[in-house]
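[1] Quick one, what's the 3D model for this:
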Amino acid sequence: MTNFTAGSLRLLSCFIGLCFIAGCTSIPDPRITVMGSLHGEDGAYMPVESVDLFVTHQPDVPLPRVDTELHGMQDLKSVSMSVSESQGFPFDNEEFAFLSLSRGVPRVGEEESVVVELTADNLWVRRHRGDLAVLRLRKDDVSLPTTEFDDFDAAGMRPAGASWLARLESDDRRIPWIIEPAAGNCTAVPLVASLSAPTAGQTVDCFDLSTLANMFFANLAVTVVEELDKADLPVPVSAGQHRFYLVPHLELEGENDTYLGFGFLYEARISLNMIGAALATIKATVPISIHFVPVDPPGANPPRLELLIDPVGAPASTIPWANIDRVTVEYEDGPINGFLAEQVRQTVVDALSGFVLPPVAVASTELTAGEALSLLISMTAPRPAIVSPYPDDFNVIALPEQRVTLDATLSNQVLSYGSVTTSVTYDNLAGPAAPDMTGTVVTAVDAAGRVTKTTMINNTGTIRRVTTLFPVNRHTPFELVFLE
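    Residues are numbered from 1 along each chain as shown. Model prediction:
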């Protein structure tokens, strides 16, 4: 919550006194509204009406802390922030952040090839992956040199994707991109869960936003690569150029409520191979989203956050998963026919439908992934020692650690792998008769940072699937902010 300082209260007292002398009849309730705007043109170079997002703050009135716009305009030219309304007392200890995604594309008629897209939720992926413009607005902050951005890379057109305007308070809980082992809130995540070597220079992999992202990225990459290797497709396939994007804010609609959170996009380039050479490439994109449900248990137990991970696990009957329909494959019209592309898409959907994160041991107790993530978040970014329920305006957003974009946009890509390989090995030596080793997983990391996951296929462990993840590359760092 926003707190007024002693100096601010003295100013307010002076204002009240002056108003009394001047014969004011009432003092306006303090209130501020900030506007984030998209400006641009249609496909015929004609200016269009701006698309505006609004967030209002009025003390003791629960108003939304995040506004979202998903559609934008055909050709984005600039984004801006401004205060559209301000009355009464100025607000301290808060700032506003405006994020806008867009992508450069050729104009109609300029494209050399036709890209075909197969998905049950048209355009969703396109609107949540691309170039990110970031603006911030904070009272008396001279370090923020601009409230407008128009320095986009040259492109034929720039369709605007999703945009978000959020109000942040200085005491909002945050999970940074990297937490050092020496930090007091470092909780080690085991290799079997993260499938990632510690960041260079670190001895343990602390739970932070980069580790959370890599838990999903690595396990998704392994699942998709292994599923493609096992799939009965007309031609051999292999997946490479694995990329992972962060979506700052997402909402999941249930029957009785809206569940707030953020998400990721996993992308893989899938090569269709003939006679040892790549015949064509399909780009597959898989969305994953994490939604937070405030729970206020009876008795002395403090409020907590439970997690819904769409589409991991079985949803409640009142919360239909949205991300299965958003799985998208894209390919250039030519050597690939629609039937083969749909087979690849269905293979990826099958992989996602069966995707699970492994159990995670926290403080020597093995928990399901959802339980572990909820506990790790509360340990990493603990709430104050109070038992009050979560406020009505509770929300979540992930923000780039770079506070503003000045000369260029950021990518919302956060991680990538150069290579993920998988194969089945056979050992002719007789294994032990007991215990049954089927399904046993062994993980290891070598000096170069490559992580190997070995899964025993038979009871003696003589048939194994070995999947190797080459070192992960980290790109744009973000932080996760709980708005409460």
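[2] so residue 153 sits right up against residue 411, yeah?
    No: here residue 153 lies out of contact with residue 411, judged by Cβ atoms under 8 Å, at a distance of 11.1 Å. In this view, the C-beta of every residue, glycine as well, is placed from N, C-alpha and C.
[3] Need the residues touching each of these two.
    residue 131 (Cβ atoms under 8 Å, 6 or more residues apart in numbering).
[4] Tell me which of these two has more neighbours.
    residue 411 (17 against 11; other Cβ atoms under 10 Å).
[5] Not including adjacent chain positions, what is the nearest residue to that one?
    Among residues not flanking residue 411 along the chain, residue 476 sits closest, at 5.7 Å (Cβ to Cβ, 6 or more residues apart in numbering).
[6] Over to that neighbour: give its phi and psi.
    phi -70, psi 120 (degrees, to the nearest 10).
[7] What score does it have for pLDDT?
    Note for residue 476: predicted pLDDT of 97.
[8] Number of residues surrounding it?
    17.
[9] any idea how far residue 438 is from it?
    41 Å (Cβ to Cβ, to the nearest Å).
[10] got it, and residue 60?
    From residue 60 to residue 438 the distance is 59 Å (Cβ to Cβ).
[11] Residue 122 now?
    On the measure of Cβ to Cβ, residue 122 and residue 438 end up 42 Å apart.
[12] With residue 218 instead?
    In terms of Cβ to Cβ, residue 218 sits 23 Å off from residue 438.
[13] ok, now residue 231?
    21 Å.
[14] Counting neighbours, go ahead and name the busier of those two.
    residue 231 (16 against 13).
[15] residues contacting that one?
    Contacts of residue 231 by Cβ under 8 Å, 6+ apart are 237, 347.
[16] Please repeat the previous calculation with a cut-off of 7 Å.
    By Cβ atoms under 7 Å, 6 or more residues apart in numbering, the contact list for residue 231 reads residue 347.
[17] now residue 375, what's its secondary structure?
    In three-state terms, and counting by DSSP: H, G, I helix; E, B strand; the rest coil, residue 375 is helix.
[18] And for the one 4 residues further on?
    Of the three states, residue 379 takes helix according to three-state DSSP.
[19] per-residue pLDDT, residue 272?
    Residue 272 is given a pLDDT of 85.
[20] And it, which helix or strand is it part of?
    strand 258-274 (DSSP states H and E).
[21] And that strand, what's buried?
    259-268, 270-272 (16 or more other Cβ atoms under 10 Å).
[22] and what of stretch 381-399?
    Buried-residue list, stretch 381-399, by 16+ other Cβ under 10 Å: 381, 383, 390, 393-399.
[23] Who are the packing partners of the one helix or strand residue 416 maps to?
    Per DSSP H and E, residue 416 falls inside strand 413-417. On a contact count with 3 or more Cβ pairs under 7 Å, 6 or more residues apart in numbering; DSSP states H and E, strand 413-417 meets helix 209-230, strand 237-253, strand 472-474.
[24] Residue 428: which of those is closest?
    helix 209-230 (22.0 Å; Cβ to Cβ).
[25] on that earlier part again, which one of the helices and strands packed on strand 413-417 lies closest to residue 101?
    strand 237-253 (8.6 Å).
[26] In the closest one, which residues are buried?
    With burial defined by 16+ other Cβ under 10 Å, the residues of strand 237-253 counted as buried are 237-250, 252.
[27] Could you list the domains of this structure?
    29-169, 175-415+476-483 (automatic domain parsing).
[28] Just send those back as a markdown table, with distance to residue 445 too.
    Formatted as a markdown table, the domains of the chain follow (distance: least, Cβ to Cβ, whole Å):
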| stretch | distance to residue 445 |
| --- | --- |
| domain 29-169 | 29 |
| domain 175-415+476-483 | 5 |
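[29] Residue 443 is nearest to which of the ones you listed?
    Of the domains of the chain, nearest to residue 443 by Cβ to Cβ is domain 175-415+476-483, at 4.8 Å.
[30] Count the residues that sit near the closest residue to residue 376 other than its chain neighbours.
    Closest residue in space to residue 376, ignoring its immediate chain neighbours: residue 207 at 4.6 Å, by Cβ to Cβ, 6+ apart. Close neighbours of residue 207, defined as other Cβ under 10 Å, add up to 27.
[31] Can you give me the neighbour number for the closest residue to residue 87 other than its chain neighbours?
    Among residues not flanking residue 87 along the chain, residue 28 sits closest, at 4.5 Å (Cβ to Cβ, 6+ apart). Using other Cβ under 10 Å, residue 28 has 10 other residues around it.
[32] so residue 28 touches residue 88, yeah?
    Yes: when contacts are counted by Cβ atoms under 7 Å, residue 28 is listed as touching residue 88 (4.4 Å).
[33] Now do the SS call for residue 403.
    Once three-state DSSP is applied, residue 403 turns out coil.
[34] Bridge partners for the closest residue in space to it that isn't next to it in sequence, pull those for me.
    Spatial nearest neighbour of residue 403, chain neighbours left out: residue 136 (5.3 Å); criterion: Cβ to Cβ, 6+ apart. Residue 136 has these beta-bridge partners by DSSP bridges: residue 97.
[35] Could you list the low-pLDDT ranges of the stretch 1-150 of the chain?
    1-27, 89-90, 109-114, 141-146 (pLDDT under 70).
[36] where do the strands sit along it?
    For the stretch 1-150 of the chain, strands defined by DSSP state E, counting those that start in this stretch occupy the ranges 31-41, 51-57, 66-69, 75-87, 94-102, 115-118, 131-138, 148-149.
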